[in-house]
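> Okay, here's the prediction I keep looking at, along with the sequence it came from:
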Amino acid sequence: MKIELKRLHSPDIIDLKSFKPEEENNFSFLLQFFVGIEDEEGEETFSLEVCSPAWIEDNYDIDDVLIGRHHIIIQQYNYDKLLKFIVGLIDKCPGDNWNDITNKLSRFGLYEFEDYIEYKEKGR
């Protein structure tokens, strides 16, 4: 099963392509990448934080311990590099079924259905 990036989106940034952080080396924002089966309709969302090392230094104390899951850390914002990186991640996550694919992709971004449990009424 071949998958593809359908689109990138940030609720924090209107236009990712032309975005320029106020401080070139100090920024953080939520990025969502939408993935679906190649040449088919439909997509599901994976979210991650894009930030710079300077932002981490400014927002965490020296004694803090961080886990980098669901983060991309880059020195300077560059849309083309970010796009290429995410497409590369997606290309490395083929699978025999959608569940296999989302399990792989959720290592990088928070899957919109992560920890989802289908509700079942009693007796059904």
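Ah, there it is. Bear in mind the structure is a predicted one, so any value in this text is a computation, not a measurement.

> Only C-alpha atoms from now on, for both contacts and neighbour counts.
Noted.

> now the lengthiest strand in the chain: how far from the chain's centre is it?
Longest strand in the chain, counting residues (DSSP state E): strand 28-37. Taking the mean of its C-alpha atoms, strand 28-37 sits 4 Å from the chain's own mean (C-alpha atoms, centre = their mean, to the nearest Å).

> Within its sheet, name the partner strands of the helix-or-strand element of the chain with minimal mean pLDDT and how each one runs.
Between all helices and strands in the chain, the lowest mean by mean pLDDT, DSSP states H and E belongs to strand 110-111, at a mean of 88. Sheet neighbours of strand 110-111, with direction, are listed as strand 44-51 (antiparallel) (DSSP bridges).

> now the angle from the partner strand to strand 28-37?
150 degrees (axes from the mean of the first three to the mean of the last three C-alpha atoms, to 10 degrees).

> And the helix or strand hosting residue 103, what's buried?
Assigned by DSSP states H and E, residue 103 belongs to helix 98-105. Neighbour counts over helix 98-105 (16 or more other C-alpha atoms under 10 Å) mark 101, 102, 104, 105 as buried.

> Please tell me how far that helix is from the chain's geometric centre.
14 Å.

> That helix - what's its average pLDDT?
Averaging pLDDT along helix 98-105 gives 91.

> Which elements pack onto the longest helix that the chain contains?
Looking across the chain with DSSP state H, the single longest helix is helix 79-91. Here helix 79-91 touches strand 3-9, going by 3 or more C-alpha pairs under 8 Å, 6 or more residues apart in numbering; DSSP states H and E.

> Low-confidence regions, this protein specifically.
115-124 (pLDDT under 70).

> Excluding chain neighbours, what is closest to residue 31?
residue 10 (4.7 Å; C-alpha to C-alpha, 6 or more residues apart in numbering).

> Ok, residue 112 next?
residue 45 (5.5 Å).

> Would you agree the one you found is in contact with residue 108?
No: with contacts counted by C-alpha atoms under 8 Å, residue 45 stays clear of residue 108, the gap being 11.7 Å.
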